[in-house]
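Chemist: the following comprises the amino acid sequence and a computationally predicted model.
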Amino acid sequence: MGEKKQVTAAIKTHDSHFSPPVQIINARVTYKNAPIHLLEKFAFKDVDAAHRAFIENAGVDECVILQTCNRVEVFAAAKSQDRAKIVGQWGETLNLEGRDLESVQVNTGKDAIVHLLKLTSGLDSLVIGEDQIIGQVRRAFEYSKSNRYASANLGVVFDRALKVGSRVRNATGINKGNVSIASIAVNLADEYVDDLKAKKVMLIGSGEAASLVAKVLKKRGVDFMITSRTYDRARSFSETVAGTPVPFDTALGMFHEVDLIFVASTAPYFLIPYDRMEAAMKGRKGAIMIFDLSTPRTVDERVASIHGVKLVNMDQIKELVEKNMRSRMKEVQSAEKIIDSEIHSMEGMMKRMKGEPVIVSVFKSVDAIRERELKKALSKLARNSTPEQARIVEQLSYAIVKGILATPMNYLRKEIESGSENEELMKTVAKMFKYEDEKRQ
């Protein structure tokens with residue numbers, strides 16, 4: 001049964017007409033080439049409709065759209081490298097002006113694949129080696145695949161890219177060491193105190209920086225109070241992010257009983273002045289740790305001189321961030337070596353995919369002849385043969401097809417992968433087996 005299964009599998013692998021090779025295209029707008037207000041213009045509100053628009057109007061066969069706070073990217077598989085169509089469709093979908101579209105960067109072929117590999121490996125992120133991007137790429141691809149916007153071509157590329165992203169993280173230290181100000185601050189607090197979860201923690205602020213600290217605390221299972229100069233903001237913050245809201249004036253009077261204070265505010269004055277903290281520390285037995293994560297500073301530096309107060313400011317935090325970033329940057333070269341070795345493998349695979357429809361068509365054409373002649377033979381032997389004999393004859397027909405086609409088709413695959421003028425070779429093979437005649441029927 002082996003020959004039958006192999007011939008049948010070859011025929012079913014692709015059942016499509018010979019066509020020009022498919023190209024991988026990437027069009028993107030990222031934090032590298034567009035400020036945030038411009039980047040926001042390129043985000044698709046209806047991602048499903050955007051996928052359909054690119055496939056129906058931009059001449060692409062497959063599409064994956066990736067959207068994060070730092071990038072909007074369109075990956076496509078198409079028989080044409082018409083960049084203008086993809087960029088033009090993007091602009092038409094979102095009613096963007098020509099000047100805005102100048103921010104779109106487009107790569108094709110190997111360059112597009114290399115970009116995807118760097119993306120999943122964390123080399124193209126704002127924070128080198130960050131882990132979030134690989135999950136975002138995976139979700140974008142799975143969405144496109146489940147909705148049939150991505151199939152064989154992008155499937156191969158994204159599957160391999162996601163594996164490379166995981167391999168880079170496992171084989172290098174590209175994602176080791178915290179480079180988030182919020183994470184480093186909470187880590188330092190955890191190292192300084194005995195049991196972070198058992199401490200009384202206060203967060204002052206309700207903006208983006210405070211939100212990042214709150215998310216880290218929440219992830220660590222740490223309960224905390226949240227206060228802001230406006231109570232409504234603190235209450236809203238607690239409902240959308242985390243924390244127990246406390247009125248600002250009440251919070252200021254609680255410094256004598258809290259163990260940790262994170263200040264992440266944009267106030268133009270000291271929220272923790274020297275006199276207030278000095279009064280709070282009188283008669284207090286335990287120490288207090290304060291993190292001033294504000295720019296400009298909102299904790300009077302002189303509070304560090306008060307007995308029992310440990311003050312950590314942004315300069316100290318940034319030094320640790322930069323140290324960890326330098327450590328990650330040393331791993332970039334190792335990550336790039338992994339990507340370089342993988343891209344050669346992927347190039348060969350993509351070349352093989354270009355030739356596979358022709359190879360399948362050859363097997364299909366020859367198998368049709370095999371089946372026709374088999375029926376003739378079996379009809380002549382019908383009266384004088386048993387079912388077992390008929391099965392043997394059928395297996396013989398499959399073995400003959402495999403024996404005749406295996407060597408030339410393997411040779412064709414190698415020629416295609418070698419990078420020679422494979423498109424002309426594929427056309428010649430298709431003509432030899434009258435595949436073009438079949439296409440016109």
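Modeler: Received, thanks. Note that this is a predicted model, so its numbers are computed, not measured.
Chemist: could you use CA atoms for every contact and neighbour count after this?
Modeler: Fine.
Chemist: list the buried ones in stretch 139-150?
Modeler: When burial is assessed from 16 or more other Cα atoms under 10 Å, stretch 139-150 yields the following buried residues: 141-145, 149-150.
Chemist: turn those residues into a markdown table, including pLDDT, distance to A251 and secondary structure.
Modeler: Shown next, in a markdown table, are the buried residues of stretch 139-150 (pLDDT from 0 to 100; distance: Cα to Cα, whole Å; DSSP: H, G, I helix; E, B strand; the rest coil):
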| residue | pLDDT | distance to A251 | secondary structure |
| --- | --- | --- | --- |
| F141 | 97 | 46 | helix |
| E142 | 97 | 46 | helix |
| Y143 | 97 | 45 | helix |
| S144 | 97 | 48 | helix |
| K145 | 96 | 51 | helix |
| Y149 | 97 | 53 | coil |
| A150 | 95 | 53 | coil |
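Chemist: please identify which of those residues is nearest to I134.
Modeler: F141 (10.7 Å; Cα to Cα).
Chemist: starting at the chain centroid, how far to stretch 225-238?
Modeler: Its chain's C-alpha centre and that of stretch 225-238 lie 34 Å apart, by Cα atoms, centre = their mean, to the nearest Å.
Chemist: same question for stretch 292-304.
Modeler: Offset of stretch 292-304 from its chain centre (Cα atoms, centre = their mean): 38 Å.
Chemist: hmm, back to that, next, format the buried residues of stretch 139-150 as CSV and append distance to V321.
Modeler: Below are these laid out as CSV (distance: Cα to Cα, whole Å):
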residue, distance to V321
F141, 32
E142, 33
Y143, 34
S144, 36
K145, 38
Y149, 40
A150, 39
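Chemist: give me the residue ranges of the stretch 101-250 of the chain where confidence is low.
Modeler: Scanning the stretch 101-250 of the chain for pLDDT under 70 picks out 178-179.
Chemist: now do the strands in the stretch 51-200 of the chain.
Modeler: Under the criterion DSSP state E, counting those that start in this stretch, the stretch 51-200 of the chain carries strands at the ranges 62-68, 71-78, 105-108.
Chemist: same thing with the stretch 301-441 of the chain?
Modeler: Using DSSP E, counting those that start in this stretch, the strands of the stretch 301-441 of the chain run over residues 309-313.
Chemist: helices of the stretch 101-250 of the chain, start to end?
Modeler: Counting by DSSP state H, counting those that start in this stretch, the stretch 101-250 of the chain has these helices, from start to end: 109-121, 132-146, 152-171, 181-192, 208-219, 231-240, 248-252.
Chemist: tell me the first helix or strand C-terminal of the shortest one.
Modeler: Tracing the chain C-terminally past helix 248-252 and defining elements by DSSP states H and E, one meets strand 260-263 next.
Chemist: for that following strand, packing partners?
Modeler: If you count contacts as 3 or more Cα pairs under 8 Å, 6 or more residues apart in numbering; DSSP states H and E, strand 260-263 packs onto strand 201-204, strand 288-292.
Chemist: please identify the deepest-packed of the ones you listed.
Modeler: Burial of these is given as mean neighbour count (mean count of other Cα atoms under 10 Å); strand 201-204 ranks first at a mean of 24.
Chemist: for that one, which outside residues touch it?
Modeler: Contact with strand 201-204 is made by 210, 214, 223-228, 258-265, as judged by Cα atoms under 8 Å, 6 or more residues apart in numbering.
Chemist: list the neighbouring strands of that strand plus their orientation.
Modeler: Strand 201-204 has the following sheet partners, assigned by DSSP bridges: strand 225-227 (parallel), strand 260-263 (parallel).
Chemist: just name the most buried of these.
Modeler: Neighbour counts (mean count of other Cα under 10 Å) averaged over each of those peak at strand 225-227, with a mean of 26.
Chemist: which residues touch that strand?
Modeler: 201-206, 234, 237-238, 243-248, 251.
Chemist: helices of the stretch 251-400 of the chain, residue ranges please.
Modeler: Counting by DSSP H, counting those that start in this stretch, the stretch 251-400 of the chain has helices at residues 274-281, 314-329, 332-381, 387-418.
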